[in-house]
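In: Quick one: sequence and predicted model below, then my questions.
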Amino acid sequence: MDFETAKHRVEEHVNKSWSSSGQAEDHGPLIVVKHIEKPYGWVFFYTAEKYWKTRNIKHAIVGNGPIIFDNRTSTMHQLGTATRPEEQVRDWEADNWKESS
């Protein structure tokens, strides 16, 4: 799968529950604002569109840990927010990614 398709799938995924919660009305949709390319796919970071455009803290959201899109299986893995994103990704990779030598 290409990057744009994966990004679109991630945005659809995060906006499903966001839209039904009613928060999208106040904060806009959730959008991908950063990504890191990995050998297995991408790590996507997202936030509320209104926050990204205005930087107004009233539109900031919580609990939006990064999402790993594993291109090998076309699956998404929601990471947490309890530790730094780098640690979350490293832990996921230790359990799920074994690079070929």
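Out: That came in fine, so what should we check first?

In: got a pLDDT number for the nearest residue to residue 28 once chain neighbours are set aside?
Out: In space, not counting the residues next to it along the chain, residue 28 is nearest to residue 49; the distance is 3.6 Å by CB to CB, 6 or more residues apart in numbering. C-betas here are computed from N, CA, C, even on glycine. pLDDT recorded at residue 49 is 94.

In: for residue 60, same thing?
Out: Each residue has a pLDDT score; the one for residue 60 is 92.

In: In contact with it, which residues?
Out: Applying CB atoms under 8 Å, 6 or more residues apart in numbering, we find residue 60 in contact with 47-48, 51.

In: try residue 33
Out: With contacts defined as CB under 8 Å, 6+ apart, residue 33 is in contact with 45-47, 52.

In: Determine the set of other helices and strands touching the least confident helix or strand in the chain by mean pLDDT.
Out: With mean pLDDT, DSSP states H and E as the measure, the helix or strand of the chain carrying the lowest mean pLDDT is helix 23-27 (a mean of 78). Helix 23-27 sits against helix 49-54, with contacts defined as 3 or more CB pairs under 8 Å, 6 or more residues apart in numbering; DSSP states H and E.

In: The helix it packs on: what's the following helix or strand?
Out: Once helix 49-54 ends, the next helix or strand along the chain (criterion: DSSP states H and E) is strand 67-70.

In: List the contacts of the next helix or strand after that following strand.
Out: Stepping forward along the backbone from strand 67-70, the first helix or strand reached (DSSP H and E) is strand 75-78. Outside of strand 75-78, the residues that reach it under the criterion CB under 8 Å, 6+ apart are 9-10, 13, 65, 67-70, 92, 96.
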